[in-house]
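In: Build me a model from this:
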Amino acid sequence: MINNYNQLTIKQFLQCKTIAELEPDPITRKVKMLSSITGHPVDEIESLPITVLVRKLKEFSEIESLQPNSKVKMKFKVGGQRFECVWKLQELSASQYIELCEWTKDKEQIVYNIHKILASVCVKRTWFGRSKYNGDKHKEVADLFYNQMKIAQAYPIMLFFCRFFQELANNMLTYLEDQKDQLSISIHGGDGLQP
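Out: Purely as a prediction, here's the structure:
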């Protein structure tokens, strides 16, 4: 029986989070969460003998308190595939950076986009090292993370990126401004460019 968020996949975590935000009654909320995680209809769960239902809800009582493992693992395995998180700004491709900006622009939706954010900053690993990022595979990787990655793996990485993304964004803007200035100097300085 799943009794805390760390055992949930990203999909199950987000379903529980949505239920917790929408359902004010604590018993109904837990029944709906239990239904969502087990795949059994609410009616079936509610038809259980009261002693069985109380036992299941008691086992499930910790589900609403997120206690993430604070250790950030940048290399991990999901669905039999190995991945590595590219966290250094200078190692991100332009397409990764653009996607990362897209999925983090709405602060209210960051948690709901966790799998898309991770798919933007993670690349597959092979026996020979890290693969290059492939934007065409973003949805496939995001779906894999959504359905199979445990929140215990994903949440610390997401917190890391949320905490440092603003700094990364500021560094990128500074870098782009420097590049623009250097291009302007080389164009106006006569480095072989003829009008």
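In: Quickly list the domain ranges of this structure.
Out: Structural domains annotated on the chain: 5-64, 75-188, as defined by automatic domain parsing.
In: Mean neighbour count and mean pLDDT added to the ones you listed, as TSV?
Out: C-betas here are computed from N, CA, C, even on glycine. TSV is the format used below for the domains of the chain (neighbours: other Cβ atoms under 10 Å; pLDDT from 0 to 100):
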stretch	mean neighbour count	mean pLDDT
domain 5-64	16	84
domain 75-188	15	80
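In: tell me the contacts of residue 43?
Out: By Cβ atoms under 8 Å, 6 or more residues apart in numbering, the contact set of residue 43 is empty.
In: tell me which element it falls in.
Out: helix 42-46 (DSSP states H and E).
In: Just the CA atoms of that helix, as PDB, please.
Out: Extracted as PDB, the C-alpha positions of helix 42-46 are listed here (Å, rounded to 0.1, in the frame of the first residue of the first chain):
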ATOM      1  CA  VAL A  42     -14.900   5.700  -5.600                       C
ATOM      2  CA  ASP A  43     -18.100   3.700  -5.300                       C
ATOM      3  CA  GLU A  44     -16.100   0.500  -4.800                       C
ATOM      4  CA  ILE A  45     -14.000   2.100  -2.100                       C
ATOM      5  CA  GLU A  46     -17.000   3.500  -0.400                       C
END
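In: ok, then the element right after that helix?
Out: The helix or strand immediately downstream of helix 42-46 is helix 50-59, counting by DSSP H and E.
In: Name every strand pairing with the next helix or strand after that next one and say which way it goes.
Out: Per DSSP H and E, helix 50-59 leads on to strand 75-78 as the next helix or strand towards the C-terminus. Paired strands of strand 75-78, with direction, are strand 81-85 (antiparallel) (DSSP bridges).
In: just how off-centre is the strand it pairs with within its chain?
Out: Relative to its parent chain, strand 81-85 has a centroid offset of 13 Å by Cα atoms, centre = their mean, to the nearest Å.
In: again, but for stretch 81-99
Out: A distance of 13 Å separates the centroid of the chain from that of stretch 81-99, by Cα atoms, centre = their mean.
In: How far does it stretch from one end to the other?
Out: Counting by Cα to Cα, to the nearest Å, you get 22 Å between the two ends of stretch 81-99.
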